[in-house]
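Trainee: Next one to model:
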Amino acid sequence: MPTAEIATIKQEYRNLPVAQLVESSTNPRRRFEENGLKELAASFQSQGILQPLLVRKLAPEQFEVIAGARRFRAAKIATLETVPVRIVALSDSAVIEAQAIENLQRENIHPMEEAIGFHSLLQMESPKYDIATIAARIGKSEAFVCQRLRLIELVPAVADAFLADRISTGHALLIAKLPPHQQERALGEAFTSVWTNGKNVDIQVPVKQLAHWIERNLLLVLKDAPFDQDDATLSPEAGACITCPKRTGFNTLLFGDVSLAHDSCSDAVCFSLKVEAHIRQTTEKKPELLQIKSANGAPSNPAVLPRGRYVEIHLPEKKPGNGQGLQPHQKPCRHMKEAIVSEGFDAGTVTRVCADPACPIHHPVDRSRSPESVAKAREQRRKELLKQKLDATVRFRTLAAVLAKTSAPLKRVELQAVAGWIMEKLSPNQRELIARRHKLIEGESSEVQYSEMRTKLLRSLRDADEVKLSRLLIEFVLLEETETVQAPAVKLMEAAKQHRIDVEKLRTTVEQEFRAKEVKLEAKRKAPAKSAQSAVKKKTA
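Mentor: Model prediction:
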């Protein structure tokens, strides 16, 4: 019930014992931050409760808290005996409406609590709310309300993770649009494991990365489906895909914010059943088709050829004029046959394969694993690693030169604030690298205590002067390009240019150092061989 209508109801202000109050089971609010409650309790002890709780009478000595659950909990922490209340007479539906409206007016409302509030309003018999009414009431679009309501469909494990802020709203909205049996699997893909402090720590992946995984693994692209989307006989229970509500293109209001390149199916089980029916129908019509498995591993059916027993052939649309330049998988042969993928990726698609092990075009003798080729590949890899190490050293030297020329443009307190903020944004691995560069920690990564390392870094910031803080800021910004040599060092090179640092001269110096080390290592490798030859000569003499 709107606040204006509550004001017209008979009401009474007085103090009630805390023991006579109970929380409402219909309150949409689910999160109560512990430290915030303690701070509020301390305020109540010094200043009292300034805003009364809204309650209604349940029994002679029992009252239900309609609005003010946070104040009620803080009052119990503060061990207050009585609290000020405003007693009103409301029906069950009016309580739900009042709680939903009051909850939606909070500044820090969690999206899950917002969804619970919307859902509560839709369930009311009188007054009647619909999506359009709620959207107009809160000043949002109908699509926004629909997406929030979808959060109600989250299975308990995902809902708990969302309320605990382990996943963001973007992650939750993506997962909520999936069938219940797929949601926990998608929740697992919302995290990646990072090794730090001697243990694996789960961190969130970007929302775009999760959306890409869902599109590739759960929301199956219908344009690539091997079966006819209009065929309702493949799965009589599901019907045709074109009229299915689980198709993203069917419900644009719900799936409108999902960045999918193509119309997709959100029910992998139904999709798989249709693929199996399509394969069954196709092999019945064309029994001469070979059946193949496109993924690694042994097939479940002995009649299906595993991946290593055939070569898939993709004939080019236009052949080169001289007949050269084609790869083996682009060339036809007299053993080429049609095959259908029965298991693995692209199941249900028909392709051409060569499955004859005697075919000289598609099954030549493999000579790539000779001792000479293995030694050559190993030497090539050693050179690549050496070059990466050289590049990394050049970048670290460049960083050191930039830091040496950095002055202090900001006040010390400002530099400390900025440096502390940036440090908190660094990944655990980057913090460890900073701590090692400044000799704040020692030992293997498995021996590093995260809390101890963080304390040492903060202490280092606190004790640093303006020049050191300025250099730390530049170090934080350029660190990523310094430790990752696979990507161009644009910011690092720009900083070197601004400070007139000759990077090529640095590179020449590092190359000379590396060559000197290589000479020493080569001499050490040859020394045992010379000793062995000398021993043989002495023995024969």
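Trainee: which residue ranges form the strands in the stretch 251-400 of the chain?
Mentor: Ranges of strands within the stretch 251-400 of the chain are 264-265, 290-293, 304-305, 311-313, 337-343, 350-354, based on DSSP state E, counting those that start in this stretch.
Trainee: Ok, the stretch 101-250 of the chain next?
Mentor: 191-196, 199-204, 220-221.
Trainee: least reliable of the strands of the stretch 251-400 of the chain going by mean pLDDT?
Mentor: When the strands of the stretch 251-400 of the chain are compared by mean pLDDT, strand 264-265 comes last with a mean of 76.
Trainee: helices or strands next to that strand in the packing?
Mentor: Strand 264-265 sits against strand 220-221, with contacts defined as 3 or more Cβ pairs under 8 Å, 6 or more residues apart in numbering; DSSP states H and E. For every residue, glycine as well, the C-beta is placed using N, CA and C.
Trainee: hang on, the earlier thing: okay, the strands of the stretch 251-400 of the chain, which one's buried deepest?
Mentor: Highest mean neighbour count among the strands of the stretch 251-400 of the chain (mean count of other Cβ atoms under 10 Å): strand 264-265, with a mean of 23.
Trainee: related to what we said a few turns ago, go through the strands of the stretch 251-400 of the chain and name the closest to Lys520.
Mentor: Nearest to Lys520, of all those, is strand 311-313, at 48.4 Å by Cβ to Cβ.
Trainee: and the closest one, which strands flank it?
Mentor: Using DSSP bridges, strand 311-313 pairs in its sheet with strand 350-354 (antiparallel).
Trainee: and the angle for the partner strand with strand 337-343?
Mentor: Angle, strand 350-354 to strand 337-343, by axes from the mean of the first three to the mean of the last three Cα atoms, to 10 degrees: 120 degrees.
Trainee: what about the strands of the stretch 251-400 of the chain, which gets the closest to Ala404?
Mentor: Closest to Ala404 of the strands of the stretch 251-400 of the chain, according to Cβ to Cβ: strand 264-265, at 54.4 Å.
Trainee: so how far is that closest one off the chain centroid?
Mentor: Chain-centre distance of strand 264-265: 21 Å, with Cα atoms, centre = their mean, to the nearest Å.
Trainee: Over to stretch 349-363?
Mentor: For stretch 349-363, the distance to the chain centre is 40 Å (Cα atoms, centre = their mean).
Trainee: Any idea how far stretch 70-85 is from the middle of the chain?
Mentor: On Cα atoms, centre = their mean, the centre of stretch 70-85 falls 40 Å from that of its chain.
Trainee: and that stretch, which residues are buried?
Mentor: Judged by neighbour count using 16 or more other Cβ atoms under 10 Å, the buried positions of stretch 70-85 are Arg70, Arg71, Phe72, Arg73, Ala74, Ala75, Ala78, Leu80, Val83, Pro84, Val85.
Trainee: Report the separation between Pro332 and Asp356.
Mentor: In this view, Pro332 and Asp356 are 13 Å apart by Cβ to Cβ, to the nearest Å.
Trainee: So which of the two has more stuff around it?
Mentor: Asp356 (17 against 13; other Cβ atoms under 10 Å).
Trainee: gap between the closest residue to the more buried one other than its chain neighbours and Leu426?
Mentor: Distance criterion Cβ to Cβ, 6 or more residues apart in numbering; nearest residue to Asp356, sequence neighbours excluded, is His335 at 3.8 Å. Relative to Leu426, His335 is positioned 58 Å away (Cβ to Cβ).
Trainee: And for Thr398?
Mentor: Distance, Thr398 to Leu426, using Cβ to Cβ: 20 Å.
Trainee: try Ser120
Mentor: 42 Å.
Trainee: Compare neighbour counts for these two and give me the winner.
Mentor: A direct count of neighbours by other Cβ under 10 Å for Ser120 and Leu426 places Ser120 higher, at 21 against 16.
Trainee: I would like the residues contacting stretch 277-285, please.
Mentor: Residues from elsewhere that reach stretch 277-285, judged by Cβ atoms under 8 Å, 6 or more residues apart in numbering: Pro226, Phe227, Leu234, Ser235, Leu289, Gln291, Ile340, Ser342, Ala347, Gly348, Val350.
Trainee: swap the cut-off to 7 Å and go again
Mentor: Pro226, Phe227, Leu234, Ser235, Leu289, Gln291, Ile340, Ser342, Ala347, Gly348 (Cβ atoms under 7 Å, 6 or more residues apart in numbering).
Trainee: Would you indicate which residues of that stretch are buried?
Mentor: Across stretch 277-285, burial judged by 16+ other Cβ under 10 Å covers Ala277, His278, Ile279, Thr282, Thr283.
Trainee: next one: stretch 438-445
Mentor: Leu440, Ile441.
Trainee: domain assignment for this structure?
Mentor: Annotated domains of the chain cover 3-153, 180-270, 286-314+330-365, 375-501 [automatic domain parsing].
Trainee: Next, format those domains as TSV and append distance to Ala161.
Mentor: Listed next are the domains of the chain as TSV, based on distance: least, Cβ to Cβ, whole Å:
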stretch	distance to Ala161
domain 3-153	10
domain 180-270	6
domain 286-314+330-365	30
domain 375-501	21
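Trainee: Mean pLDDT lowest where, among those?
Mentor: Ranked by mean pLDDT, these end with domain 180-270 at the bottom, a mean of 75.
Trainee: any idea how far that one is from the chain center?
Mentor: Relative to the chain's own centre, domain 180-270 is displaced by 15 Å; criterion: Cα atoms, centre = their mean.
Trainee: ends of that domain, how far apart?
Mentor: Its start and end residues considered, domain 180-270 measures 14 Å (Cα to Cα, to the nearest Å).
Trainee: Thanks again, I'm all set now.
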